[in-house]
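Novice: Turn this into a model:
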Amino acid sequence: MTNRLMNKLMNKLTNRQVQTSIMTTDSTHPSLQTLATTSTLVSTHASAAPSLQASLHYADLHYGGDLVLHTASSGSVGHLETLYLHLVEDGHFGIGEVRINIAYLNGIAAETVKQDARRMLDAINWDLGSQRLLDSRAAWLSAYSAPIRMLVDSALLDLCARRAGVSVATLFGSGAAPVNEVTSTADSARLAANGASPSSASFTHAAVASWPSNQTLFWQPDERMLARAGAYLARGFHDLKLRVGIADFDDDLRRIDLLRTHFGDSVVLSVDANGQWSTTDALPRLQALAERGIDYVEQPIAAGDWDALTRLAEVSPVTIMLDESLQSQPDIDRLCALSGAPIAAHLKLVKLGGIAATITAARRLTQAGVPLMIGQMNEGAAATAAALQVCLATRPRWAELYGADGLRDDPVTGLQYGHGTVELTTSLEATRGLGVTFNHPIPSI
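Specialist: Okay, the predicted model is just below:
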């Protein structure tokens, strides 16, 4: 199915292309910077195909209200440093997003990712067009770090799926059908904002794509924790993950008991220790959490010691979910070997290098009988939509897609939260590609 859909997208380009790079700052969005590759075609035929244009953007994203990101591994995080790759070709657009201030997860400084992104923008031969770049990416994309691979993979898949008139999930066999050609004024305006042609639009009022998600209770005072948990429950989010490992373990148990006292069985609780426990402390702590009905414990001990993780999984009374331990395909291989133990996987696109790599890993784990979560860092709407598409293609047991919930200055629109789910809004974009719209150079919403 994938090859047949992809072959619809475009013919090989036979035009010479002259590229120049310019750095600008968008006056309508002061926090958004652009490194653009502008393409000028010199045609060798009477009528030339439009070129593939690529631009790189940066923005700081902020949550509204009193939400502060604070985990045992990250400390307090005030904003999300975010890169976007925006592609336009033949009246269609594609968007990729990656958050870059996550050195506490991958050890890569944000400035290093920026520099790598600029090199990527200059190095890729955009003359090849989206189809040939997508088909050949296994040969050249591996040279880049996982965040850059995620950025490029998402943008190319978004663009190619839009050209085929389907969602990204459909390219990987989710079963959705191409949409019908009907356009609206609002959809035409959104297309124009992305540099695409309204005449190429297709629109349908088909069922909106959605997936259930958990929510996280970050480190915060008790009264704020209880208020936020109550607000999540009121919006239909009953799966809540509590961040632990910052204070002593007795205080973590007290917070869990406090949540149980206030909300009883209306909430499904899990915890994330971000690898902060010692191998000596881990087992008795898992036993205490199992007695409190915790659904799973995420990354109880530090990543890297697979022998210790194996020994712990063999005797754990509660499911152990690995996150930081899963950074590569060899890590996936190690986890598959533990099938049958009470263990699960938390897969993130930014760790594995994009949509395609994450779907491959998810399907391998599913075949091995290892349950999994598709998740994300706290990220904007485009990265969240990419994870949503992976959920639609792989149907995981758990999902962590809350990253864009509550952002007040995200330049990408098209997602909404409620009734315990994240869903694509009813629009043209909801049925094609990632399902969201990049609003540059439109001012932030």
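Novice: mind checking the longest helix of this structure?
Specialist: Identified as the longest helix of the chain according to DSSP state H is helix 146-164.
Novice: Can you mark which positions in that one are buried?
Specialist: If you call a residue buried by 16 or more other Cβ atoms under 10 Å, then helix 146-164 has these buried ones: 146-164. Just so you know, the C-beta spots here come from the backbone N, C-alpha and C atoms, and that holds for glycine as well.
Novice: Name the nearest residue to residue 273, sequence neighbours excluded.
Specialist: residue 245 (4.1 Å; Cβ to Cβ, 6 or more residues apart in numbering).
Novice: OK, contacts around the one you found?
Specialist: 72, 252, 272-277 (Cβ atoms under 8 Å, 6 or more residues apart in numbering).
Novice: so is it in a helix, a strand, or just coil?
Specialist: Three-state assignment for residue 245 (DSSP: H, G, I helix; E, B strand; the rest coil): coil.
Novice: where's it relative to residue 63, distance?
Specialist: According to Cβ to Cβ, to the nearest Å, residue 245 and residue 63 sit 22 Å apart.
Novice: For residue 80, give me its contacts.
Specialist: Applying Cβ under 8 Å, 6+ apart, the residues near residue 80 are 60-62, 99, 101, 378-380, 407.
Novice: for residue 142, same thing?
Specialist: Counted by Cβ under 8 Å, 6+ apart, residue 142 has contacts residue 149.
Novice: Against residue 339, how distant is it?
Specialist: 27 Å.
Novice: can you check residue 439 too?
Specialist: 44 Å.
Novice: give me the low-pLDDT residue ranges for the stretch 301-445 of the chain?
Specialist: Under the criterion pLDDT under 70, the flagged ranges of the stretch 301-445 of the chain are 426-429, 440-445.
Novice: what's the nearest residue to residue 405 if we skip its chain neighbours?
Specialist: residue 417 (4.7 Å).
Novice: what bridges to the one you found?
Specialist: Going by DSSP bridges, residue 417 is paired in beta bridges with residue 422.
Novice: now the end-to-end length of stretch 291-300.
Specialist: Chord length of stretch 291-300, first to last residue, is 16 Å (Cα to Cα, to the nearest Å).
Novice: whoops, stretch 162-172 was the one
Specialist: Counting by Cα to Cα, the terminal residues of stretch 162-172 are separated by 14 Å.
Novice: Rounded mean pLDDT for it, please.
Specialist: Averaged across stretch 162-172, pLDDT comes to 95.
Novice: Can you point out the buried residues in it?
Specialist: Buried residues in stretch 162-172 (16+ other Cβ under 10 Å): 162-172.
Novice: which regions of the stretch 101-250 of the chain lie under the pLDDT threshold?
Specialist: 175-207.
Novice: How about the secondary structure of the residue positioned nearest the centre of the chain?
Specialist: By Cα atoms, centre = their mean, the mean C-alpha position of the chain lies nearest to residue 383, the distance being 3.6 Å. What three-state DSSP gives for residue 383 is helix.
Novice: Can you tell me which of the buried residues of stretch 162-172 is nearest residue 125?
Specialist: residue 163 (19.0 Å; Cβ to Cβ).
Novice: What's the separation between the closest one and residue 89?
Specialist: From residue 163 to residue 89 the distance is 8 Å (Cβ to Cβ).
Novice: which residues touch the residue nearest to residue 287 when sequence neighbours are not counted?
Specialist: Excluding the flanking residues, the one nearest residue 287 by Cβ to Cβ, 6+ apart is residue 317, at 5.6 Å. Residue 317 makes contacts with 286-287, 290, 342, as judged by Cβ under 8 Å, 6+ apart.
Novice: Would you verify that residue 317 is located in a strand?
Specialist: No - read with three-state DSSP, residue 317 is coil and lies in no strand.
Novice: Secondary structure element holding residue 94?
Specialist: strand 92-99 (DSSP states H and E).
Novice: buried sites along that strand?
Specialist: 92-99.
Novice: Residue 108 falls within a helix, correct?
Specialist: No - counting by three-state DSSP, residue 108 falls outside a helix, being coil.
Novice: I'd say it and residue 145 touch.
Specialist: Yes - assessed by Cβ atoms under 8 Å, residue 108 is found in contact with residue 145 at 6.1 Å.
Novice: Domain map for the protein?
Specialist: 2-166, 210-438 (automatic domain parsing).
Novice: Now do the strands for the stretch 1-150 of the chain: every range, in order, please.
Specialist: All strands of the stretch 1-150 of the chain, identified by DSSP state E, counting those that start in this stretch, fall at 16-25, 33-42, 52-61, 69-71, 75-77, 80-89, 92-99.
Novice: Report the rounded mean pLDDT for the second one.
Specialist: Across strand 33-42, pLDDT averages out at 36.
Novice: and the residue nearest to residue 273, how far is that from residue 350?
Specialist: Taking Cβ to Cβ, one finds residue 245 at 21 Å from residue 350.
Novice: again, but for residue 91
Specialist: Look at residue 91 and residue 350: by Cβ to Cβ, they are 30 Å apart.
Novice: Tell me which of those two has more neighbours.
Specialist: Neighbours were counted for residue 91 and for residue 350 using other Cβ atoms under 10 Å; residue 350 has more, 28 against 16.
Novice: Pull the contacting residues for the more buried one.
Specialist: 98-99, 102, 105-106, 146-147, 150, 376-377, 379, 383 are the contacts of residue 350 under Cβ under 8 Å, 6+ apart.
Novice: and if you look at residue 87?
Specialist: With Cβ under 8 Å, 6+ apart, residue 87 has these contacts: 52-54, 93-95, 130, 155-156, 158-159.
Novice: same deal with residue 435?
Specialist: 167, 209, 385, 388-389, 414, 424, 429.
Novice: do residue 136 as well
Specialist: By Cβ under 8 Å, 6+ apart, the contact set of residue 136 is residue 128.
Novice: Now do it against residue 157, distance only.
Specialist: Counting by Cβ to Cβ, the gap from residue 136 to residue 157 is 14 Å.
Novice: And for residue 370?
Specialist: From residue 370 to residue 157 the distance is 25 Å (Cβ to Cβ).
Novice: for residue 435, same thing?
Specialist: For residue 435 relative to residue 157 (Cβ to Cβ), the value is 12 Å.
Novice: again, but for residue 59
Specialist: 21 Å.
Novice: what's the pLDDT at residue 4?
Specialist: pLDDT, residue 4: 44.
Novice: in the stretch 201-350 of the chain, which spans are helices?
Specialist: 222-234, 249-263, 279-291, 306-315, 329-336, 349-352 (DSSP state H, counting those that start in this stretch).
Novice: Now do the fifth one and helix 306-315, the angle between them.
Specialist: Helix 329-336 and helix 306-315 meet at an angle of 30 degrees, taking axes from the mean of the first three to the mean of the last three Cα atoms, to 10 degrees as the criterion.
Novice: centre of the chain versus helix 329-336, how much separation?
Specialist: Taking Cα atoms, centre = their mean, to the nearest Å, one finds helix 329-336 lying 21 Å from the centre of the chain it belongs to.
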